[in-house]
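# Quick one: sequence plus predicted model below, questions after.
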Amino acid sequence: MENSNIIIRVATAADSHYATTITDEMASSAKARGTGIAKRSPEYIEQKIQEGKAVIALTTEGEWVGFCYIEVWEHNKFVANSGLIVSPAFRKTGVAKSIKKRIFELKL
């Protein structure tokens, strides 16, 4: 990853205030690409954060960079990443790859 002032970590309850920013960017990105991505609500994102099933990327100054969460089913037998989004200002820096790597390191 090119930008060394980015921190990628498990999201905590303190990060819930980013939920609207995240869902707005998801919707904006889907619209720009013309894709039919399911719309997520800020409450849904907050739920994933509360469950410990989300990773967030922030600058050292607290600027939101990216986000991803996981879905699990059949008693954690199956896992898939979902909702991977990166702020346009930080795209093409390798941050999405780093977020995706980190999301699969979560301990469920």
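Yes, it's here.
# which element is the residue nearest to the spatial centre of the chain on?
With distances taken as CA atoms, centre = their mean, the residue of the chain nearest its centroid is F67 (1.6 Å). In this assignment (DSSP states H and E), F67 forms part of strand 64-73.
# for R102, same thing?
R102 belongs to helix 95-103, assigned by DSSP H and E.
# just checking, what packs against that helix?
Judged by 3 or more CB pairs under 8 Å, 6 or more residues apart in numbering; DSSP states H and E, the packing partners of helix 95-103 are strand 6-10, strand 54-59, strand 64-73, strand 78-86. From N, CA and C alone the C-beta is placed, and that goes for glycine too.
# now it: mean pLDDT?
What helix 95-103 shows for mean pLDDT is 95.
# Enumerate the positions of it that are buried.
Judged by neighbour count (16 or more other CB atoms under 10 Å), helix 95-103 contains these buried residues: V95, A96, S98, I99, R102, I103.
# just these now: which is nearest R33?
A96 (14.3 Å; CB to CB).
# For that closest one, which non-adjacent residue is closest in space?
V86 (5.0 Å; CB to CB, 6 or more residues apart in numbering).
# tell me the most buried of the helices and strands packed on helix 95-103?
strand 54-59 (a mean of 22; mean count of other CB atoms under 10 Å).
# between that one and strand 64-73, how big is the angle?
170 degrees (axes from the mean of the first three to the mean of the last three CA atoms, to 10 degrees).
# between the helices and strands packed on helix 95-103, which gets nearest to K107?
strand 6-10 (9.0 Å).
# The helix or strand that the closest one is followed by to strand 78-86, inter-axis angle?
Next in sequence after strand 6-10, counting helices and strands by DSSP H and E, comes helix 19-33. Put simply, helix 19-33 runs at 80 degrees to strand 78-86, going by the same axes, to 10 degrees.
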